[in-house]
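Undergrad: Here is my input; please provide its structure:
(chains A, B and C)
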Amino acid sequence: MDEVFAIQNTSLLRWIILLPLIGAILNGLVIRSKNVRLSGLVATGFSAAAFFICLSLVNTYGLFAEDFAQVIDPWFTWFSVGRIHVPFHLEYTPLTGIMLLVVTGIGTLIHIFATGYMSEEKSPFRFFSYLNLFLAAMLVLVLSSNLVGIFLGWEGVGLCSYLLIGYWYESNENTAAGMKAFVTNRIGDLGFFVALFLLAAHAGTFQIQELITIFATGAAPIEGGIILAILACLFWASTGKSAQIPLYVWLPDAMAGPTPVSALIHAATMVTSGIFVSVRLWPLFASQPSILEWILWVGMATAWLAALIALTQRDIKKVLAYSTVSQLGFMFVALGVGAPVAAFFHVVTHAFFKALLFLGAGSVIHGMHHDQDMFNMGGLRKKMPQTHATFLIGTLAIIGFPLTAGFFSKDMILAKAYEHGPLAWGLLLLAAVLTAFYMLRAYTMTFWGEARTEHAKHAHESSLWMTIPLMLLAAGSLIVGFMETPPIIFDIHALQTAIESSWYGVSGEIAGHSGHHLSHATEWVLVLITSVASLGVAYYSYKKFLTVTSKESAKGFAAELSQNKFYVDEGYQLIIMKPLSAVASASWRFLDVVVINGFLHIVRDGMRIGGQVLSFAHTGNVQTYAWYLAAAVATALVFVNWVI
Amino acid sequence: MDQLQLLTGIGIAIFSLGVLGFLTRRSGIIALMCLELMLNGVNLCLVSFSRQHASADGSALVMLIILVAAAEAALALALFVALFRQNGSVELDDYRMLKG
Amino acid sequence: MNLLGLFLIPFVAGLLLFLFGKQTKLAQWANLLFHLFWGVAVWQCWSNFNAEQMGEIYWSWNWLPMLNSKLDLGLDGLSMPLVILNYVLSLLLAFYCLGKEKLSSSYLALFSILNAASIGSLISLDAFAFYIFWEFMLIPMYFLIGKWGSKNRVYAALKFFAFTMAGSLLMLLAIIALSKTYGTLSWIELKNAGIVYDGLWGQTGLIFLGFLIAFSVKIPIWPVHTWLPDAHTEAPTGASVILAGVLLKLGVYGIARWCLVLFPEASQDVSTVMMTLGAIGIVAGSFAAWKQVDIKRMIAYSSVAHLGFMVLGLFALNVEALSGAMFQNLAHGLSTGALFLIFGIIYDRTHTRKVADYGGLASKNGLLASAFVFSAMASIGLPGLPGFIGEFLILSGTFFTNKIFAFVGLSGVLLGAIYMLGMLRKVVFGPVGPAVEAHPIVLEWNEWVAIVPLLLLMLVLGMGPQLILSKSMFSTEWIMGLF
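TA: The predicted structure is shown next:
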């Protein structure tokens, strides 16, 4: 394996992490201002500073070059004992560069939005401190050069998610949602732990570069079974963080947090961590085709399940939440069919339009005085024109309206799925169609028709703090797609070049996969079918929900299943949580209290009773003692004389 | 049996009487008397042994025992007088303060 | 290195503090002054400390030739971190005590003597000296729990004392046997004498078991752990912190120094059984912690679970796991110490430990709530805080030896999140509870001085563990070299 990379050292990378961290400390421990604008601006300032460093990095080291020079910040050794060596080094590759721009860029926009949205907040410094802390943790995840560092970021964002979901902690519901997120993620993290153990035992390194260059290419002997196990464990961790079946249940509940949180964490950045790490490690995945099949079908099932639930939700944030779970499923399907570029492409475009949709929903909720039920909205397009326009753009992007960002990324996934097999393509297409249906339902019920309640009638447009980020994100949702276009439309492959040069010279081809490419005619047919289907269903949905009243709710068995999330949460409670709780209770009450303590008390009581019994010998009467003496002497005499 | 064996035997008999008396008599003073009996019995035996071994050791010990017995008897009687003054009884069964 | 001073200063200070009688305020400030002197001794030991040696004796006194015992004092990479932990916790508690009328001069005196005893057992390199200091720790602890504790204190104090002493008596028998067989009780001489192993039920094996059982009760290992919840719950705050922070660690330290080093083959023979007990301890402790309605008892059971991890680390018998266990000593001492300290400060005001009385602490004192959440996160092993390093090293090492135990240990990681976050939900978050509503929770300056350094230390150790790991590296590799 010849080393074609020149490695450059820089200490600039650490500042990307340190700046938001300093912002968090300043806001949370030093300034502690109750002034929303002040806290918000401090936080935004540090976030923007990180963004500008990322921009300068990209400017200096390039994103789309073919011969990429790897950039490292060898910061310090975290811990190193025996076979376990964990340096805390940061690394910049084109892939991480794009992710950095997305995270810091969209992050900054959301900070600005939040400065407007949280205007009634009593202790805003806490909120903005947590937001900056989240940013720092996410950046650790993105920049780390080894999997343990990534795990630090992984759990760090889990912590911030917990703190931010339960931000309005006076309500038990919010804190329960926060705890659910943390615990569910932790179940996933157990998989990450096992993957790390396996790496320590068999690979001797956690560095991503070494893993790819040594083990993906088979340069060092390591059983394929072990790599498969590692990847399976990492995927399990991803089902937690990136909300796939079976660990997705925390994400809809996470909507209890403030909407900027939902936009930043649960749409744009944290939840895509699983896909990001998988794309980072892609050559390893590519060497194990069996795991890819598994990922494909789990992703597909999730995409479907979430879409079906989104069809009947009343709360606008819940629709978007399930939509996110579904879109994450799309990304895993892309990975499963062997298209990491498509998956990451969708990560980027989804970050833009999903953040846009969430922030738009936030603006709507703000205007509706925190009523989130879509059946109580209506006609808001006249009252909130900028919110409406940007939300419309977001909706068009997510359903794949031609030439929006979502169109390019979704169609790329569908094309790659078709290359894999018509079944996968067909199912994914139907899921995309469902997406069109529920998104237009949400859009229409919110912005069209007649205002159904007083709040809707008196809604007004939000301040510039909120509308400017919306407009910028809308612009992104239109432009960003042009970094990777299919051969039939402009044929741009900037993203592909960037990602493929991020694997240290190792190819991302799947082991034993010939990879046939589609003809231009097939591509046109696919695009046409997708567009016609999506737009047709979208129009149907629009017509259907134009005239909806606030009492209406879908009826029938299927609708009830969908509305109640297919009773998955209830199932988990019944099958897992309640039995576990009973076992815990039994363990403590029986083992500890009855058995062990009971035994000890028996010993104690036994000794006490034994003492009481023996004390009968102390009659207090001198003559009794004399008898004892006499008896002892007699026994001694007998013993000495006749026994010895 | 010769003289010395008889003497030892009488000494043992006196000692045994003393033991039996000490173990069974109700009154404290009688028990004290039995205690003296035991001591005297031992004395007699010791004199006999001293004579048997033709040594003065036994007799010396007898002197010591008589000395100690006298002192102890005086002390014990004084204690009993004090106890009687306080509790109106010298019976051993009435004094069970060390019980339990 | 002035090791004698390290022991004598807190001991003499303890005796002197008794003389203060009813002058509580004076005694509390005098206590701080004594800590200053003690700190100088600690600093001097730290600067002259040589991590690249094991068992070098710096001071010796032939005090009991008949028993083949000398008072040997020495400090190496195994004991140094614990000495510093002991000092730091004690210093912070000295600040905490300021202004509390109930913590009279006799309390402070007993505490000082307790410190002296634990330092004594840490720096003893002779088995009998070690035993004397080990037993001597029980006496002040008994009085601290029995006099200044809460409702059920007498039961808890007696249980703690009797249980620990019962275990230790077996150690005494073992030491006497060692003395008779090898003619010396000096640690380094015993190790060099080459103790012949003749099976677990032979003489050497029984000696090993004597030591093992004594340390097992102290750690405590399941199933001899039930004294811990009672002792921790009923003890006053300072005693809880020192008990959790230092005394429990002495059991782990004892196994490392006396069992692993002197009896490597025996340790190997029992390793599977001990790991099983450790794993059970993790799960049973976590289950019990989940179901508690008394906050201090929950933290106590979480200690049982954490120490189960350390047992895994000790008996996995590789460098990674052992280093993890030694590091986790520090991590757990800081995080559980912080939890007990913070809750103790709250309890001083509300006088209730029941979860039902609490809620919404964050609404009343945001900074204290944050400190509480921070310590809880350290306790459950969040990366960035030291608990993660310890747990990761331990579980990796365990994984190298036996995968199943590692998986059981992982379940402890999950259960930890469940019970700890569950407690946070009910105590820190949510609507304001009656006890929190009725008593204003505002902290004095000295209480903040006690809490903040703990939090900072956790942060520093969490991201910079190599500072400590590099110092203990020599000792753990040396020990593992014996296997």
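Undergrad: Helices of the stretch 351-500 of chain A, start to end?
TA: Remark: helices assigned in the stretch 351-500 of chain A by DSSP state H, counting those that start in this stretch are A:380-383, A:385-399, A:405-420, A:422-447, A:454-457, A:464-479, A:494-500.
Undergrad: quick one, which of these is nearest to chain B?
TA: Proximity to chain B (C-beta to the nearest C-beta) singles out helix A:454-457 among the helices of the stretch 351-500 of chain A, at 83.0 Å. In short, each C-beta sits where N, CA and C put it, glycine included.
Undergrad: buried ones in the closest one?
TA: Going by neighbour count (16 or more other C-beta atoms under 10 Å in any protein chain shown), the buried part of helix A:454-457 is A:455-456.
Undergrad: what's in contact with it?
TA: Contacting residues not belonging to helix A:454-457 are listed as A:368-369, A:371, A:376-380, A:383, A:451 [C-beta atoms under 8 Å, 6 or more residues apart in numbering or on different chains].
Undergrad: Could you turn the buried ones of those into a ChimeraX selection?
TA: The buried subset of the contacts of helix A:454-457, as determined by 16+ other C-beta under 10 Å, is captured in ChimeraX by this line:
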select /A:368,371,376,377,378,379,380,383,451
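Undergrad: Go through the contacts of helix A:454-457 and say which is closest to chain B.
TA: residue A:371 (78.9 Å).
Undergrad: gap between the closest one and residue A:339?
TA: 41 Å (C-beta to C-beta, to the nearest Å).
Undergrad: now do residue C:441
TA: From residue C:441 across to residue A:339, the span is 56 Å (C-beta to C-beta).
Undergrad: Of these two, which one has the most company?
TA: residue A:339 (23 against 16; other C-beta atoms under 10 Å in any protein chain shown).
Undergrad: right, and the helices of the stretch 351-500 of chain A - which one's nearest residue C:14?
TA: helix A:464-479 (62.3 Å; C-beta to C-beta).
Undergrad: which residues in chain B form strands?
TA: Counting by DSSP state E, chain B forms no strands at all.
Undergrad: nope, the stretch 51-200 of chain C is what I was after
TA: Assigned strands in the stretch 51-200 of chain C, in chain order: C:59-64, C:69-73 (criterion: DSSP state E, counting those that start in this stretch).
Undergrad: wait, which of those is closest to chain A?
TA: Comparing those by C-beta to the nearest C-beta, strand C:69-73 comes nearest, at 28.5 Å.
Undergrad: got a list of contacts for the closest one?
TA: C:3-4, C:7, C:57-64, C:123-129, C:179, C:185-187.
Undergrad: Also compute the angle for it relative to strand C:59-64, please.
TA: Using axes from the mean of the first three to the mean of the last three C-alpha atoms, to 10 degrees, the direction of strand C:69-73 lies 160 degrees away from that of strand C:59-64.
Undergrad: How far off centre is strand C:69-73?
TA: A distance of 24 Å separates the centroid of the chain from that of strand C:69-73, by C-alpha atoms, centre = their mean, to the nearest Å.
Undergrad: coming back round to it: the strands of the stretch 51-200 of chain C: which one's closest to residue A:433?
TA: strand C:69-73 (79.3 Å).
Undergrad: May I ask which two of the contacts of helix A:454-457 are separated the most?
TA: Once C-beta to C-beta is applied, the contacts of helix A:454-457 give A:369 and A:379 as the farthest pair, at 15.9 Å.
Undergrad: Neighbours of residue B:40, how many?
TA: For residue B:40, the neighbour count with other C-beta under 10 Å is 18.
Undergrad: OK, contacts around the residue lying closest to it once chain neighbours are set aside?
TA: Nearest-residue entry for residue B:40: residue B:14, 6.0 Å, with adjacent residues in sequence omitted and distances by C-beta to C-beta, 6 or more residues apart in numbering or on different chains. Residue B:14 sits next to B:37-38, B:40-41, B:44 when contact means C-beta under 8 Å, 6+ apart.
Undergrad: just the residues you listed now: which is nearest residue B:69?
TA: Distances from residue B:69 to the contacts of residue B:14, taken by C-beta to C-beta, are shortest for residue B:40, at 8.0 Å.
Undergrad: what does stretch C:36-47 rub up against?
TA: With C-beta under 8 Å, 6+ apart, stretch C:36-47 has contacts from C:1-3, C:5-6, C:9-10, C:13, C:75, C:80, C:83-84, C:87, C:90-91.
Undergrad: Tell me which of the strands of the stretch 51-200 of chain C sits most buried.
TA: strand C:69-73 (a mean of 23; mean count of other C-beta atoms under 10 Å in any protein chain shown).
Undergrad: list the buried ones in the longest helix seen in chain B?
TA: In chain B, assigned by DSSP state H, the helix with the most residues is helix B:57-87. Neighbour counts using 16+ other C-beta under 10 Å place B:58, B:61-62, B:69, B:76, B:80 of helix B:57-87 among the buried residues.
Undergrad: do it and chain A meet at all?
TA: No. Under the criterion of C-beta under 8 Å from any C-beta of the partner chain, chain A is not reached by helix B:57-87; the shortest gap measures 11.3 Å.
Undergrad: tell me what that helix is packed against?
TA: If contacts are counted by 3 or more C-beta pairs under 8 Å, 6 or more residues apart in numbering or on different chains; DSSP states H and E, helix B:57-87 sits against helix B:28-52.
Undergrad: For the helix it packs on, enumerate the helices and strands it packs against.
TA: Against helix B:28-52 (3+ C-beta pairs under 8 Å, 6+ apart) you get helix B:3-24, helix B:57-87.
Undergrad: Mind putting those helices into JSON lines with mean pLDDT and distance to residue A:479?
TA: Listed next are the helices and strands packed on helix B:28-52 as JSON lines, based on pLDDT from 0 to 100; distance: least, C-beta to C-beta, whole Å:
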{"stretch": "helix B:3-24", "mean pLDDT": "94", "distance to residue A:479": "116"}
{"stretch": "helix B:57-87", "mean pLDDT": "95", "distance to residue A:479": "112"}
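Undergrad: and of the ones you listed, who's closest to residue A:20?
TA: helix B:57-87 (89.3 Å).
Undergrad: Excluding chain neighbours, what is closest to residue 38?
TA: Assuming you mean chain A. Per C-beta to C-beta, 6+ apart, closest to residue A:38 is residue A:31, 7.3 Å.
Undergrad: You answered for a different chain; I wanted chain B.
TA: residue B:18 (3.4 Å).
Undergrad: That neighbour contacts residue B:34, correct?
TA: Yes. If you go by C-beta atoms under 8 Å, residue B:18 and residue B:34 touch, sitting 4.7 Å apart.
Undergrad: could the helices and strands packed on helix B:28-52 be laid out in a markdown table, adding distance to residue A:361?
TA: Shown next, in a markdown table, are the helices and strands packed on helix B:28-52 (distance: least, C-beta to C-beta, whole Å):
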| stretch | distance to residue A:361 |
| --- | --- |
| helix B:3-24 | 102 |
| helix B:57-87 | 97 |
